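>>> I need the structure of the sequence given here:
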Amino acid sequence: MKKVLIITYYWPPLGGAGVQRWLKFSKYLPKYDWEPIIYTPENPDFAIEDQSLQKDISPGLVVIKRPIWEPYEIYKTLIGKRGQKVNVSFSEGGKKQGLIHKFSMAVRGNFLIPDPRCFWINPSVRYLKKYLKENPVDAIITTGPPHSMHMIGLKLHKQVHIPWLADFRDPWTNIDFYRELNLSWVADKIHHHQEKKVLSNADKVVSVTPTWCRELAEIAGRTVDLVHNGYDEEDVIPTNKSVDAEFSISHIGSINSDRNPEILWVALSLLLEENEEFRRSLRIKLVGNVEPVVFADLEKYQLTGFVEKVGYLSHQEAVEFQQTSQILLLLINNTPNANGILTGKLYEYIASRRPVLCIGPPESDIANLLKETKSGSIVDFEDVDAMKKVILELFEKYKNNRLQSTAENYEQYSRKAQCGIMAQLLDNITN
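Here you go, the predicted structure:
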């Protein structure tokens, strides 16, 4: 087998979406004659832990862990949560914490470039340069965000001249929160300069949606290859549990202010007033980290009594939960880059074979995938009438025991199939 060094910040026991892509690909790469070697932090800062993901780490997989220093403890001290697990992307709490969060975002964007993991770049390059002399590999992969992983790849590539593939799970300067960093013109220029250097110097650049591939290609002036996130067939095993008796609308994952589906809350509130049978049947299930602004809106539209706050579930529990829900809610950030968002959970939603209700742009990548696989509906961010109509149609099917997914032609989006595409790209840059 050829060997590939994979540099990733996210690795079990960390939970959440960022772990899934390379945890799964590392499991399937040996089927395509590639032996993965993982390089990851020994002590990363994280808010979510998921021990169930350990089962996907192949026996004998080499995992190199090295210490990292991150400034998040300073931030958590400022908001009075020192030593706690905090989702630092959320501005939790009152006005004071909101001001601290804005200040911290400005420091993060202007001084911690490309991100707060930048202090790991040079120590990693020094360690890996020595490691690779003693343990040669055929290729290197970096996956970001955090884009500091790409900066490790860039510096290492220039010194050891090993073929390098840069994998962008999210954009860099086109990411939805980039404007929230309150960048000076100097910092903005540095971000763009570093991004361009990574895109120009990598032997292959990969991203996860058609739109993001096009956007990165425009920046780089080169082809960017598409490798979807996908779903793992070994995860989505039919459960023996029954589908919910109530008309459940379930969301799995974090909900922040950009993803808060006020259009849905309005539509549900109106339907509850108009339809007594709907009132008796509705259940809203929220799995994962939810910002206070969402609960404020639920109270505003008198929906609190219909909500079940499930909290965080392990990945395995979440997959089972999806299969027992009547409807799976998929939310897209209402931001300028919304057309290019293809969330990782979408593929598992589709493979769970429950109807998907998505709120997002009707001409987006996600709309195209839902249409291609016939797995659900999408409603634009502000179209309350369309939302009411779609929900009523689903409710009528629910009443008649006909609420089922019609998903088809989605097997090409399995992790194994997508890993095959990734392996071919590695073959191309090493041959």
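>>> Isn't Q322 up against S250?
Yes. Distance between Q322 and S250: 7.2 Å, which falls inside the contact criterion (C-beta atoms under 8 Å). Just so you know, the C-beta spots here come from the backbone N, C-alpha and C atoms, and that holds for glycine as well.
>>> list residues touching both of the two?
Taking C-beta atoms under 8 Å, 6 or more residues apart in numbering as the criterion, Q322 and S250 both touch L328.
>>> tell me the mean pLDDT over stretch 331-343?
When pLDDT is averaged along stretch 331-343, the result is 89.
>>> all numbers from here: first residue = 37
Understood, numbering begins at 37; the last thing we discussed is stretch 367-379.
>>> what distance separates that stretch from the middle of the whole chain?
For stretch 367-379, the gap between its own C-alpha mean and the chain's C-alpha mean amounts to 11 Å (C-alpha atoms, centre = their mean, to the nearest Å).
>>> what does stretch 172-179 give?
On C-alpha atoms, centre = their mean, the centre of stretch 172-179 falls 23 Å from the chain's centre.
>>> Next: stretch 458-467.
Between the centre of stretch 458-467 and the centre of its host chain there is 25 Å, according to C-alpha atoms, centre = their mean.
>>> Can you report how many residues lie near the residue nearest to A443 when sequence neighbours are not counted?
Once its chain neighbours are removed from consideration, A443 has its nearest residue in S411; the separation is 3.9 Å (C-beta to C-beta, 6 or more residues apart in numbering). Other residues near S411 come to 26 when the count uses other C-beta atoms under 10 Å.
>>> List the contacts of S411.
Contact partners of S411, counting by C-beta under 8 Å, 6+ apart, are 385-386, 391-392, 441-443, 446.
>>> cutoff 10 Å now
The contact partners of S411, by C-beta atoms under 10 Å, 6 or more residues apart in numbering, come to 364, 382-383, 385-392, 394, 405, 441-446.
>>> Buried ones from those residues, can you make that a PyMOL selection?
This is the PyMOL syntax for the buried subset of these, where burial follows 16 or more other C-beta atoms under 10 Å:
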select buried, resi 364+382+383+385+386+387+388+389+390+391+392+394+405+441+443+446
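>>> so of the contacts of S411, which ones are in strands?
Assigned to strands by DSSP state E, the following of those qualify: 364, 392, 394.
>>> Which of the helices or strands spans N464?
Of the helices and strands defined by DSSP states H and E, N464 is found in helix 451-466.
>>> so what does that helix touch, helix or strand wise?
Judged by 3 or more C-beta pairs under 10 Å, 6 or more residues apart in numbering; DSSP states H and E, helix 451-466 is in contact with strand 38-43, helix 53-64, strand 70-77, strand 175-180, strand 200-204, strand 240-243, strand 261-262.
>>> What average pLDDT does it get?
Mean pLDDT, helix 451-466: 98.
>>> where in the stretch 237-386 of the chain is pLDDT low?
Flagging of the stretch 237-386 of the chain using pLDDT under 70 yields an empty set of residue ranges.
>>> quick one, strands of it?
Remark: strands assigned in the stretch 237-386 of the chain by DSSP state E, counting those that start in this stretch are 240-243, 261-262, 283-288, 318-323, 343-347, 363-367.
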